[in-house]
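A.B. asks: Need coordinates for the below:
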Amino acid sequence: MKTKSNINPTNYQVFLNRNSKNCIMINNRIMKKSLLTNSMKFLKTGLLSSRRLVQSMMVILAFSGLALNAQPAMPDVTVRFANPVYDCPTNTYCVDVQFRSNLEEQWVYGSNIRFFYDDAELEYLGTSHYLTGYNSVEEPEILTGPPGSGAPWGFNGPVEWFNGTLQLVTYDQPIYLSTTGWTTMCKICFRVDNPNALDKEDFCPSLVWDLKEPQDDNPPESGDGFLPGDDGVVVTVVDLSGNQDSYPTFEIVQQFNWEYDQSGNSYGYNVPRDCISTICGYKIPISNWSVFLAIGLMLIVSVFIYRRRIS
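C.D. replies: Model (predicted):
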């Protein structure tokens, strides 16, 4: 569902529906601190003797320490877009959504697929080719800003914010994230709206993952998205120990045809890296015209000589 939003070039505010399933993953980041902190319920000293109180506290501390040690290490999960493809007959541009982990045996439990793009360039069509066992729990939420709202991201048109979900729905066979290559989770396709982007050798639209630039004094992730009240990209993995359904990760993004602006004047700008052709049919490059002209002249001369001989 695509709706107009209150994203604007002055405050970039967006109001999220807290009852939406798309916001379930947002709350998982809040869980990170609670998962790393164990709370203890202190006993009232009036109910126990001081000796029994000390013994009880020692037992509680011991079990708290065991709980901390039992918590799995939080992996770094990197997400990216890759393998752009343009289909001429349908005017469709598609990219793969890929994940990888720095630790072995990491099985994605759920994730939001949250990013920005230029509404003047692309229009979302659909998500398909899900990795076995995964699907979206509901239709993505798409918010479009007013004219000029894409400027901080380096877009010519309005900014469009895509908020989708990726959820594990069957547990038949674990599929662990690659630690050396990439695991393709799904494919996202767009219609190319910009007529000036057609019939070009290099089409390089930006797809900007919703995660601010990491800071040197922070973990691999910066902790939030670009918009107020927006937690950005969130990924959780299956807790194989069985203590809980899932636990959080540190998210890292590889931006697609886009870089963060180090000057602080904007969020970032387009950097053409993964470019493809939108030329339909075969066109003779200008540099090859001399070759084809020479071949044509040779054919004409050959026909002329042949006709002279038979006459």
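A.B. asks: can we go C-alpha only for contacts and neighbour counts from here?
C.D. replies: Fine.
A.B. asks: where do the helices sit along the chain?
C.D. replies: 24-35, 50-70, 289-310 (DSSP state H).
A.B. asks: Worst mean pLDDT among these?
C.D. replies: Mean pLDDT is lowest for helix 24-35 among these, at a mean of 38.
A.B. asks: Just give the number of residues close to Gln98.
C.D. replies: Counted with other CA atoms under 10 Å, the neighbours of Gln98 add up to 20.
A.B. asks: how about the strands in the stretch 1-150 of the chain?
C.D. replies: 2-4, 76-87, 92-101, 108-118, 122-128, 134-135, 141-144 (DSSP state E, counting those that start in this stretch).
A.B. asks: Mean neighbour count, these: which tops it?
C.D. replies: Sort the strands of the stretch 1-150 of the chain by mean neighbour count, taking mean count of other CA atoms under 10 Å, and strand 108-118 sits at the top with a mean of 23.
A.B. asks: okay, the angle between that strand and strand 92-101?
C.D. replies: Orientation of strand 108-118 against strand 92-101 (axes from the mean of the first three to the mean of the last three CA atoms, to 10 degrees) gives an angle of 140 degrees.
A.B. asks: relative to strand 122-128, how tilted is strand 108-118?
C.D. replies: Using the same axes, to 10 degrees: strand 108-118 against strand 122-128 is 160 degrees.
A.B. asks: quick revisit: including distance to Ile305, could the strands of the stretch 1-150 of the chain go into CSV?
C.D. replies: Output for these, formatted as CSV (distance: least, CA to CA, whole Å):
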stretch, distance to Ile305
strand 2-4, 68
strand 76-87, 46
strand 92-101, 50
strand 108-118, 60
strand 122-128, 56
strand 134-135, 69
strand 141-144, 67
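A.B. asks: In this structure, what helix or strand scores lowest on average pLDDT?
C.D. replies: helix 24-35 (a mean of 38; mean pLDDT, DSSP states H and E).
A.B. asks: Can you give me the domain boundaries for this structure?
C.D. replies: 2-33+71-270, 37-70 (automatic domain parsing).
A.B. asks: Quickly compare those domains and say which is most buried.
C.D. replies: domain 2-33+71-270 comes out most buried of the domains of the chain by mean count of other CA under 10 Å, with a mean of 18.
A.B. asks: Out of the domains of the chain, name the one with the poorest average pLDDT.
C.D. replies: Going by mean pLDDT, the lowest-scoring of the domains of the chain is domain 37-70, which has a mean of 41.
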